[in-house]
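Visitor: I would like the atomic coordinates for the input below:
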Amino acid sequence: MIRHTERKDALAWERQAAFPASPSGANAAVALTAPGLRIDNRAELLERLALSPHISDEALLLAAWRQWREGMADKLRGSFAVAIFDFARQELYLARDIFGLSPLYYSLDQQRLVAGASSRRVRAIMQGGQAHDRPFLADFVCGQFTDSRSTFHSGLHRLPPAHYMLVTAATAEIQRYWSPGDVPRRESCPDAVEQFRDLFDRSVARSLEAGRPSLPLSGGIDSSAIAGSLAASGLQLASLPTLTMTYRESANWTDAPYLDDLARYFAVQTQEIPCDRHDPLSGMEHWLTVLDGPYVSYGHSVSSQLLPLSAELGCDTLLSGHGGDEVISYGLGRLNELARSGRWLELWRELEGAAGLFGQSRTRLFRKYLTHKPFFRRVERKLASLQPAENAALKPALSKELAEEAGPDRYAGRPAVERSEHDERMLHEEALENPIQPLALETIGACSRASGIETQMPFYDRELVEFSLSLPSEWKLRDGLTRRIMRLAMQGRLPESILRRRSKFDFSEAFRAGLLESRAKILDLTAPGPDNLGAFIDGTRLNGLRDRLSRNETKIEMDDAYFLWRVTILAMWLDIAKHPLESPPMQILQGTPPQ
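Guide: As a prediction, this is how the structure comes out:
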């Protein structure tokens, strides 16, 4: 028997109870979709499947299922999490887009499959208290997520992006249908700028197809590129609510001149959200309930302010530049390519982009690449042996029990940038494959929808990603400019100051200052009590930091500040997680005949 919630965002299938023949026909099937469904290649699919342009998305998905079966997901473009139950075959097909823009959670055992777009809905249907997934909790405490399948609840999983799952009464198979590593490399691309611009413009245009958007601007190239694309399409930006988060009281805030240049260039007046003084714990009880776990990031209390403000301004869509870093790539792997080929002068010139990005001297960065030479490698090892170890490496985060449970190798993997043979493509693929990416997208989507807003992120477009991945590294870093392809594509659309910008504002100081102003709340939430944080946290480190907060110390290292924030967020969530969930009403799922 298969049942679904009234909103059709969750279903339960009793795998051992065969569903009776559908009254609608032996070949009937039904499709359910998660919120945020957007089929970007709908027109192409309608033509390939010879369908009427007036049919629903559900009917289109069913036709695609009949045509391509398990290969259906690879034919779709856009944002989707879909479940298709085939009555005749008695099988359930679940699929998710390649980025994880749409959420899809499930719980599976031999008797039953429960799946849905919300982990809270799935857990409520499961009707049982789920234990905490301790290794995944260890990831949060350490600030290092290691897989895209786990959740904070034992037995509850997420279908990873770019995967589908085919479930029958006897089997369950998960397969990957797309990978960044499958994208072929280009040796050259003479029309790269034109191709990139066209792909980006089309993705931005699709983000505007429905709703009234607000446009956040940060002074960086990602949000600015969206503005430039909109203006190039003929849209008057002055007609859109334009928002910006400002730090005008912060002495090192570098965004101000760039925002001023954008305001003059596009003739817009932005509505400012002052963020110099803010509480990084503000409103977190609400967001932790929405997310059903502590998925929030350090800057969530700031960025989430865009959502209610957009709604107040009458908008239902927010155009976000999130993802530009990962999709386009800074091109820093090219530096190692130059070092390995002995092109030292060219490497020195290109290091200007990395130096601006990291706020470090070119000389210090250059030393890192000189270690390709055996003599300099020996010198660096000698210098390292004379210096004290990094403080962060000496600071445990987990309790002894949880560290043992997580295992000694869970965080032992070396990032590609630490491997001497790395190139730009390796770094680009790794950035896209990082488990933190789909978690961030789920967080953005869930919090947006809870605020009545749909956040559109034009950088997350499959064709744009594949094109960017395929390019040689000089299109990503050249002449000391990172993300060169996007800068060239935006020539004539943005102020020259934006196109030449190398700096990036560091939000960490404002975060730390706001956190220390919340010391009373931190001390209260992390005090010893029945929730027993000690089962998860290294008590010696936490107690030492609590003592320092009690003495009103202000010299807290950033590593410790982030640790304190994670511990406090965990304490909030452990309290929220104790409350039972109300089971949603369910109804029998009926089939529909093919259209």
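Visitor: Now for this structure, the helix or strand with the poorest mean pLDDT.
Guide: helix 374-386 (a mean of 71; mean pLDDT, DSSP states H and E).
Visitor: Any chance you could list what contacts it?
Guide: Arg367, Leu370, Thr371 (CB atoms under 8 Å, 6 or more residues apart in numbering). (Each C-beta comes from the backbone N, C-alpha and C, glycine too.)
Visitor: Kindly export it (C-alpha atoms) in PDB.
Guide: Extracted C-alpha coordinates of helix 374-386, given in PDB (Å, rounded to 0.1, in the frame of the first residue of the first chain):
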ATOM      1  CA  PRO A 374      63.900  19.400  -3.400                       C
ATOM      2  CA  PHE A 375      66.300  22.000  -1.900                       C
ATOM      3  CA  PHE A 376      63.400  24.400  -1.000                       C
ATOM      4  CA  ARG A 377      61.400  21.500   0.300                       C
ATOM      5  CA  ARG A 378      64.100  20.600   2.800                       C
ATOM      6  CA  VAL A 379      64.400  24.200   3.800                       C
ATOM      7  CA  GLU A 380      60.600  24.500   4.500                       C
ATOM      8  CA  ARG A 381      60.700  21.300   6.500                       C
ATOM      9  CA  LYS A 382      63.500  22.700   8.600                       C
ATOM     10  CA  LEU A 383      61.700  26.000   9.200                       C
ATOM     11  CA  ALA A 384      58.500  24.100  10.100                       C
ATOM     12  CA  SER A 385      60.300  22.000  12.700                       C
ATOM     13  CA  LEU A 386      61.500  25.200  14.400                       C
END
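Visitor: Show me which residues of that helix are buried.
Guide: Buried residues in helix 374-386, counting neighbours by 16 or more other CB atoms under 10 Å, are absent.
Visitor: would you list the contacts of helix 374-386 in CSV and tack on neighbour count and distance to Gly514?
Guide: Converted to CSV, the contacts of helix 374-386 look like this (neighbours: other CB atoms under 10 Å; distance: CB to CB, whole Å):
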residue, neighbour count, distance to Gly514
Arg367, 14, 35
Leu370, 15, 40
Thr371, 16, 39
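Visitor: chain center to the least confident helix or strand of the chain: distance?
Guide: Helix 374-386 sits 38 Å away from the centroid of its parent chain (CA atoms, centre = their mean, to the nearest Å).
Visitor: Could you pull out the helices in the stretch 251-400 of the chain for me?
Guide: 256-266, 284-291, 300-303, 306-312, 324-328, 333-340, 344-358, 362-370, 374-386, 400-406 (DSSP state H, counting those that start in this stretch).
Visitor: now for the ones you listed, which one comes closest to Phe459?
Guide: Distance to Phe459, taken as CB to CB, is lowest for helix 324-328 among the helices of the stretch 251-400 of the chain, at 4.4 Å.
Visitor: For the closest one, enumerate the helices and strands it packs against.
Guide: In terms of contacts (3 or more CB pairs under 8 Å, 6 or more residues apart in numbering; DSSP states H and E), helix 324-328 is packed against helix 221-232, helix 424-433, helix 462-470, helix 484-489.
Visitor: redo that, cut-off 6 Å
Guide: helix 462-470 (3 or more CB pairs under 6 Å, 6 or more residues apart in numbering; DSSP states H and E).
Visitor: need the contacts of helix 374-386 in JSON lines with pLDDT, can you?
Guide: Formatted as JSON lines, the contacts of helix 374-386 follow (pLDDT from 0 to 100):
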{"residue": "Arg367", "pLDDT": "88"}
{"residue": "Leu370", "pLDDT": "88"}
{"residue": "Thr371", "pLDDT": "84"}
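Visitor: ok, of these, which one's closest to Asp74?
Guide: Among these, and counting by CB to CB, the member closest to Asp74 is Thr371, at 41.8 Å.
Visitor: quick one: average pLDDT of the helix ranked longest in the chain?
Guide: Determined from DSSP state H, the single longest helix within the chain is helix 558-576. Averaged over helix 558-576, pLDDT sits at 95.
Visitor: Next, the angle from it to helix 284-291.
Guide: 70 degrees (axes from the mean of the first three to the mean of the last three CA atoms, to 10 degrees).
Visitor: Which strands or helices does helix 558-576 pack on?
Guide: helix 284-291, helix 508-516, helix 519-525.
Visitor: Show me which positions of the shortest one end up buried.
Guide: Along helix 519-525, these residues count as buried under the neighbour rule (16+ other CB under 10 Å): Arg519, Ile522, Leu525.
Visitor: could you point out which element follows that helix?
Guide: helix 539-550 (DSSP states H and E).
Visitor: picking that back up, output the contacts of helix 374-386 in a markdown table, with distance to Ala256 appended to each entry.
Guide: What follows is the contacts of helix 374-386, written out as a markdown table (distance: CB to CB, whole Å):
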| residue | distance to Ala256 |
| --- | --- |
| Arg367 | 33 |
| Leu370 | 37 |
| Thr371 | 38 |
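Visitor: Looking at these, which is nearest His163?
Guide: Thr371 (38.3 Å).
Visitor: mind checking how far the nearest residue to the closest one once chain neighbours are set aside is from Glu58?
Guide: Closest residue to Thr371 apart from its sequence neighbours, by CB to CB, 6 or more residues apart in numbering: Arg377 at 4.4 Å. Distance, Arg377 to Glu58, using CB to CB, to the nearest Å: 60 Å.
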